[in-house]
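J.: here are the coordinates; sequence isn't available:
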């Protein structure tokens, strides 16, 4: 009996809805999934717990949690305790939000690239989405293309011709409703995921930050009920 | 009396000869220098001490030491205690050396980009050199150009038109002798720097690894004496 070896992939997994769906898609495409989660001074560790639950439920080959010190730079409401997470912003598409973390996806993808090179993997999955958030520059296709091009010049594995790196962004053009429908079809349990920027001490979602509002709107448009618990 | 504000720059500083010279060049060009050093599981902390001595001697505005976990990926003789640093390699330009650290410059430049964005800086200096080491893919001009292009798509500061990132590589086309002559002209004290991949317990350079041999050859060709201490 011959053994078919699955292609390895590195998956960036935050514990949110988008990256969990991205992982489900990568698994469904037959990749051997190596998940990578960053502890980067987020104010809410609930996100890390969600990532672990999702990684376990989806039976990844390996899950690494990497500590990094983006918080010491400041400049974002997601890492800087001195800045408040905005609530009830009138227009979700109005400019770059204060929850933007400087160069975050570039730092994350760089780590993913380093790990991929050591693993001998050439496929990296990231759950960026250019539809719902027009505000984050590092979620746009032109950014991802530029990163991919750079990666293929950066690494010994690519330069020696062992393979060509591909940054997979399977949900980049999906609406939140389409993402939720895709994950649901693949059997993903969204109660394991976490999206809120500002949960209460019990880990319940606030329902009012940008991320909660996009999530709730997505479930409503998909005609499904969000299984996570909200405050009130 | 009007005050002229210097332009800020982020300088990657390893404690080696190349990055110290790069910092001296940035200072000489009038930048307000913010130096960044990574503790990434190197086997020899002597490198970090050199970086601190150089940063102090050159009076940088700020020096940050960032801990990161590249060692946990393995795959390089510089971070993996299970691999030996090669000595007396017959041909220094023969392929990618085992001392290559996967995606290292990409990870370093990503952090520099994140810090630059928070500081409001658009200038990043890195002491890569494409002449002496043909082996490292992430020291080539085409790689640096690709990173710069990506950086200008990645960040809010660039996308909002506040500025354009420039990755400065002032020594990329210099020979080791030219680098040493340039630093000497700028008053840099090379006894503060450290190049050896495999120093003895007293921190003395081995004189035999690729890095020592390039350094010694550079000083010889520059007609200068290397002020660091070697074994024997």
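T.: Thanks, I have it. All figures in this text were calculated on a predicted structure; none of them were measured in a lab.
J.: every contact and neighbour count from this point should use C-alpha atoms.
T.: Noted.
J.: for chain A, what lies in contact range of chain B?
T.: A:66-70, A:73-75, A:96, A:102-104, A:106-107, A:110-111, A:113-115, A:117-118, A:136-138, A:142-143, A:146-147, A:149-150, A:153-156, A:159 (Cα under 8 Å from any Cα of the partner chain).
J.: looking at those residues, which are in strands?
T.: Those of the residues of chain A next to chain B mapping onto strands are A:66, A:67, per DSSP state E.
J.: just the ones of the residues of chain A next to chain B in helices?
T.: Judged by DSSP state H, the subset of those located in helices is A:104, A:106-107, A:110-111, A:113-115, A:117-118, A:142-143, A:146-147, A:149-150, A:153-154, A:156, A:159.
J.: please pick the buried ones from the residues you listed.
T.: Among those, those scoring as buried are A:104, A:106-107, A:110-111, A:113-115, A:117-118, A:143, A:146-147, A:149-150, A:153-154, A:156, A:159 (criterion: 16 or more other Cα atoms under 10 Å in any protein chain shown).
J.: buried sites along the strand or helix carrying residue A:220?
T.: Element membership for residue A:220, per DSSP states H and E: helix A:210-222. Residues A:210, A:211, A:212, A:213, A:214, A:215, A:216, A:218, A:219, A:221, A:222 are the ones in helix A:210-222 that count as buried (16+ other Cα under 10 Å).
J.: what is the nearest of these to residue A:197?
T.: Of all the buried residues of helix A:210-222, residue A:211 has the smallest distance to residue A:197: 6.5 Å, by Cα to Cα.
J.: quick one, what contacts that closest one?
T.: Counting by Cα atoms under 8 Å, 6 or more residues apart in numbering or on different chains, residue A:211 touches A:195, A:196, A:197.
J.: tell me what the worst-scoring helix or strand of chain A on mean pLDDT is packed against?
T.: Taking mean pLDDT, DSSP states H and E as the measure, chain A has helix A:156-159 as its least confident helix or strand, at a mean of 82. Helix A:156-159 makes packing contacts with helix A:141-154 when contacts are defined by 3 or more Cα pairs under 8 Å, 6 or more residues apart in numbering or on different chains; DSSP states H and E.
J.: average pLDDT across the helix it packs on?
T.: Across helix A:141-154, the average pLDDT comes to 96.
J.: show me how far that helix is from its chain's centre.
T.: 18 Å (Cα atoms, centre = their mean, to the nearest Å).
J.: most residues in a single strand of chain A, which one?
T.: As assigned by DSSP E, the longest strand anywhere in chain A is strand A:32-39.
J.: what angle do it and helix A:104-119 make?
T.: 140 degrees (axes from the mean of the first three to the mean of the last three Cα atoms, to 10 degrees).
J.: pairing partners for strand A:32-39, with directions?
T.: strand A:8-12 (parallel), strand A:62-67 (parallel) (DSSP bridges).
J.: distance to residue B:15 and mean neighbour count added to those, as a markdown table?
T.: Shown next, in a markdown table, are the strands paired with strand A:32-39 (distance: least, Cα to Cα, whole Å; neighbours: other Cα atoms under 10 Å in any protein chain shown):
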| stretch | distance to residue B:15 | mean neighbour count |
| --- | --- | --- |
| strand A:8-12 | 32 | 27 |
| strand A:62-67 | 24 | 15 |
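J.: confidence-wise, which of those is weakest overall?
T.: Between the strands paired with strand A:32-39, the lowest average pLDDT goes to strand A:62-67, which shows a mean of 88.
J.: and the end-to-end length of stretch A:110-127?
T.: End-to-end distance of stretch A:110-127 (Cα to Cα, to the nearest Å): 15 Å.
J.: how much space between residue A:21 and chain B?
T.: Residue A:21 sits at a distance of 23 Å from chain B (criterion: Cα to the nearest Cα, to the nearest Å).
J.: please, which helix or strand holds the nearest residue to that residue once chain neighbours are set aside?
T.: Spatial nearest neighbour of residue A:21, excluding adjacent residues (Cα to Cα, 6 or more residues apart in numbering or on different chains): residue A:183 at 5.1 Å. Per DSSP H and E: residue A:183 is located in helix A:176-185.
J.: and that helix, what does it pack against?
T.: helix A:17-28, helix A:210-222.
J.: who wins for proximity to residue B:25 among the strands paired with strand A:32-39?
T.: Of all the strands paired with strand A:32-39, strand A:62-67 comes closest under Cα to Cα, at 33.1 Å.
J.: who's in contact with that closest one?
T.: Residues from elsewhere that reach strand A:62-67, judged by Cα under 8 Å, 6+ apart: A:33, A:34, A:35, A:36, A:37, A:38, A:39, A:40, A:52, A:55, B:68, B:69.
J.: tell me how far the third one lies from residue A:141.
T.: Using Cα to Cα, residue A:35 is found at 22 Å from residue A:141.
J.: those two: which is more packed in?
T.: Between residue A:35 and residue A:141, residue A:35 has the larger neighbour count (other Cα atoms under 10 Å in any protein chain shown), namely 25 against 17.
J.: any idea what that one is bridged to?
T.: Per DSSP bridges, the residues bridged to residue A:35 are residue A:11, residue A:63.
J.: ok, the one 4 residues further on next?
T.: With DSSP bridges as the criterion, residue A:39 is bridged to residue A:67.
J.: quick one: low-confidence residue ranges for chain A.
T.: Counting by pLDDT under 70, the ranges of chain A that qualify are A:1-4, A:41-44, A:69-101, A:132-135.
J.: geometric centre of it: which residue is closest?
T.: The centroid of chain A falls nearest to residue A:19 when counting by Cα atoms, centre = their mean (3.6 Å).
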